[in-house]
Structures are given as structure tokens and as C-alpha cells.
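K.L.:
here is a sequence together with a model predicted from it:
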Amino acid sequence: MMKLNKNGKRILILLVLLLIFSSLASAFSVSPARRLIDYPEDFPYGGEFIVYNNELTSGKVKIEVGGEFRDYVVVDDYVVFEIGEFEKKINYEINIPSKKVKPGVNAVGFTLTRIDENENEGSYLGARMALVTSVLIDVPYEGKYLETELFAYSGDVNGGVRFVAPIMNKGAEDVLDAKIKLEITDENGKLIEKIEDVKDIFIDTKKEFRTVWNSFVNQGTYYAQLFVDYGEVAESEIISFEVEGEKILLKDVSVNGFELGSVAKFEISVKNIWDDRVENVYAELEVYDRDGRLIETFVTDKKDLDKGDKVLLEGYWDTLNVVEGNYDTRVVVRYGDRLLERNVETVVSKESIKTSIKIAGRSITIVEGERTLTWTIIISLVLLTIVNLLWFMHFGRTKR
């Protein structure tokens, strides 16, 4: 399950609170004065908001401050209403911070709580609370500054777990040769995998680090964190993900009856070793030359597998302009939101294609632009249909 990052949690909490507070009847209400100010040009900053006593009763309201700049806000701790007094103007000041503040847009929030006059100051009427964001402070990014977050898409034992991490350059300088490190640990904190990469990330751009980790581990909960070293270190929050029991077994990849220049039919043998039916199982294949260039991508047909079923998924590669030699084929078997990924050593000769599944290698870093895109898949499906028609027409003529 995908986890919210720190900012996501804050936003969610604020939204929930705002929904709750907007639905409550209150003897007191607040007129917010939201403003966006620039740091440090507008500092020190003086602002105000108004608290309304809707029922004209006497009462006391506690004022609390939150946000990155809370330690630099000067405001009264309480506001007191007399009977018949309708409004109070609250003035506050935000001073220049004495230490470095986080770049980006920071909020100063005021939480107002009515205190029950019949009790001590520690007793609050929670239903009388209102939250006001009165000022947003835009702190510029200076020099080099990167931010990142990490998402995991859970896999199965002996399958694949996909990681995606957008890395944003919000600074004032390009970042070259940023060193990326993904660490995967078990429930005891033991490091079981480290995946590394290097990227250039230019001003006002976002690069994505993507990788698939072949999860040759026991079933259970695992943890991951991403670090980006560019002089400073940007790091994601630690996220958890599940590795579930193995469902699909990739038994073999083979090509029979082949001649160079013809259409090669790849047969991917898969078996359902789960207790339940698995639907819409298919494979994507990507063929790379020895220099790592993607030269072909195609997809197989889709099939449903009942418990214990073993089927062949068929995909077609037109080798008209292919030369003899060694190739790397990436086979990704997909079922639901899961995947099983393997590298296949592929040797092309005039009269055969020999394949061998490579078990070694626990992770695969995906280069941007290499992964099969939606349109590529659609085009491949169309081409597959055409190839199938030609194939059947050919055999039809042969039989006649």
C-alpha cells in the first residue's frame, strides 16, 4: 500500500480539520486574512485577524501558533470577551528567524480554542475550535536544492517490487551527477539490498528514479528509503511495503521453428501456483542490443489461469532487420497490479533463437524513456493482431 509523505499527511490533516470545523456551530468564529508574503523582503511582518463573538456572551479564547515560523510569532495568548462584545482584532508580528528556515511555502497557523469559564484553563470545549491559516511565507531556494519522495508498488515472492521516486530541483543551480541510493531493509532493520544510480537534475525540472527489485525474499513486510547526495542529502521518508506469497511461476521462454528474417514466435510458459484464479495474465518483452539500446518491444496475448493452470503466452518479433548476435530480453509478466520480471539471454542465429533465463541480479534500474509506454503497448497490440492474421493466412494457404 502506498504511504503518504510528510507533506501529504499535513495536507490531509488540515483538510479533515477544516471539514470538521466548518460543520460545527460555534459561539465564536474567525475572519482569516490569508496572505502570501516573501522572505526576507517582507520581514518583520505585522498582520491581524478578527475573532467574532456571535452569541455576544462572555468568554475566553486561547490562541496557539503552529508552523515552521511559530517560534518567531509574537501574539497574545488569550482573547477575552465581555457580555455584548461582538469582535476582537488580534494583532501579531512575525520576526526574522534567528536560524535557517526550510525553503518553500511555509504556513503560520493559529488554533483558537474557547475555554470553559466554569473550569480551569486546562479544560477545553473541543467543539468550539477553529483553525485559521493567516499567512503563507514563501522562502526562496538558494544554491542547489533537491527534494524527493518514494513510492513502492508491492510484489510477490520471486516477483518484482517497483519503486518510483520523483526528484525535484527547486534550487537556483543545476545539479550534476547526483548520487542516488535506494536502501531496502527487513523488519529488523537489516540491509538486504542497495540500488544505486546517478542523474543530472536541472533547474525547475523533475527526474524520476525507477527500479524494479526482484524480490527473492521471504513473505513479509519490508522497508525502503531513498537518498540523493548532491553535496547536501535529500532523503525520502521511510516507507513500508508487502511481499506476498508467490502466485505466478515463469517456467520457460522459448522460440521454435525460427529462421532469421521471419517473425519469431516467443512462447512464455507460466504457471498459476496460487490457490485462486488469476485473470488477465500477459507479458511485455523488450529486446536490447549489447550496447543497451532498446531495439524492439512487443506484448503477448492475455489469458486467465485457474489454480494449477500452466499456459503459453505468445508474442511475436519481426526479425527482418535483425542481425545475428547476443541480445538481452527483459520479460515482464503482469497480473493485476503485480509483476514478475526476468532478464533473458537471447542468442540469435540464422536458424534459431536460443534463450536462457538469468536468475542472477536482484534489481533492474529502468532508464527513463526505455520503459514501454501506453502508446507503445497499443501499437504493439495492433501489430500483434496484424501478425496473427498474416500467420493464420499463411498456414491457411499452406494447407490448401
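P.N.:
Great, that's in hand. Numbers count the residues shown, from 1 in each chain.

K.L.:
for Ile96, give its distance to Leu182.
P.N.:
39 Å (CB to CB, to the nearest Å). For glycine as for every other residue, the C-beta is placed from the backbone atoms N, C-alpha and C.

K.L.:
neighbour count for these two, which is higher?
P.N.:
Legend: neighbour count by other CB atoms under 10 Å for Ile96 and Leu182, higher for Leu182 (23 against 12).

K.L.:
can you check the pLDDT for the closest residue to that one other than its chain neighbours?
P.N.:
Leaving aside its chain neighbours, Leu182 sits nearest to Ile195 (4.4 Å; criterion: CB to CB, 6 or more residues apart in numbering). pLDDT, Ile195: 94.

K.L.:
I figured Ile195 hits Arg210, correct?
P.N.:
No - under the criterion of CB atoms under 8 Å, Ile195 makes no contact with Arg210, lying 10.6 Å away.

K.L.:
ok, those two, which is more surrounded?
P.N.:
More crowded of Ile195 and Arg210, by other CB under 10 Å: Ile195, with 20 against 17.

K.L.:
Glu237 versus the more buried one, what's the distance?
P.N.:
Distance, Ile195 to Glu237, using CB to CB: 18 Å.

K.L.:
now stretch 220-236: mean pLDDT?
P.N.:
95.

K.L.:
any idea which helix or strand carries the residue nearest to Leu182?
P.N.:
Using DSSP states H and E, the element containing Ile195 is strand 191-201.

K.L.:
partners of the helix or strand that that strand is followed by in the sheet?
P.N.:
Using DSSP H and E, the next helix or strand after strand 191-201 towards the C-terminus is strand 206-214. The pairing partners recorded for strand 206-214 under DSSP bridges are strand 160-169 (antiparallel), strand 363-366 (antiparallel).

K.L.:
by mean pLDDT, show me the worst of these.
P.N.:
The bottom spot among these, by mean pLDDT, belongs to strand 363-366, with a mean of 47.

K.L.:
check which residues of stretch 346-353 are buried.
P.N.:
Thr346, Val348, Ile353 (16 or more other CB atoms under 10 Å).

K.L.:
I'd like the next helix or strand past the one helix or strand the first one maps to.
P.N.:
It refers to Thr346. Per DSSP H and E, Thr346 falls inside strand 338-348. Remark: after strand 338-348, the chain's next helix or strand is strand 353-358, criterion DSSP H and E.

K.L.:
now that next one against strand 338-348, angle please.
P.N.:
Strand 353-358 and strand 338-348 meet at an angle of 140 degrees, taking axes from the mean of the first three to the mean of the last three CA atoms, to 10 degrees as the criterion.

K.L.:
picking that back up, between the strands paired with strand 206-214, which one is closest to Asp309.
P.N.:
With CB to CB as the measure, strand 160-169 is the member of the strands paired with strand 206-214 nearest Asp309 (21.2 Å).

K.L.:
one step back: note down every partner strand of the strand holding Ile195 and its orientation.
P.N.:
strand 175-185 (antiparallel).

K.L.:
quick one: mean pLDDT over the partner strand.
P.N.:
Regarding strand 175-185, the rounded mean pLDDT is 95.

K.L.:
care to break this structure down by domain?
P.N.:
6-139, 146-244, 248-399 (automatic domain parsing).

K.L.:
please identify the deepest-packed of those.
P.N.:
Most buried of those by mean neighbour count (mean count of other CB atoms under 10 Å) is domain 146-244; its value is a mean of 17.

K.L.:
any idea how far apart the tips of that one sit?
P.N.:
33 Å (CA to CA, to the nearest Å).

K.L.:
off-centre distance for it?
P.N.:
Chain-centre distance of domain 146-244: 10 Å, with CA atoms, centre = their mean, to the nearest Å.

K.L.:
cool, stretch 48-65 as well?
P.N.:
42 Å.

K.L.:
nearest spatial neighbour of the residue positioned nearest the centre of the chain, skipping sequence neighbours?
P.N.:
Taking CA atoms, centre = their mean as the criterion, Phe151 is the residue nearest the geometric centre of the chain, at 3.3 Å. Of all residues not flanking Phe151 in the chain, Val164 sits nearest, at 4.9 Å (CB to CB, 6+ apart).

K.L.:
quick check: the gap between the one you found and Gly308.
P.N.:
From Val164 to Gly308 the distance is 34 Å (CB to CB).

K.L.:
which one of the strands paired with strand 206-214 lies nearest to Glu41?
P.N.:
The minimum distance between Glu41 and these falls on strand 160-169, with 23.5 Å, by CB to CB.
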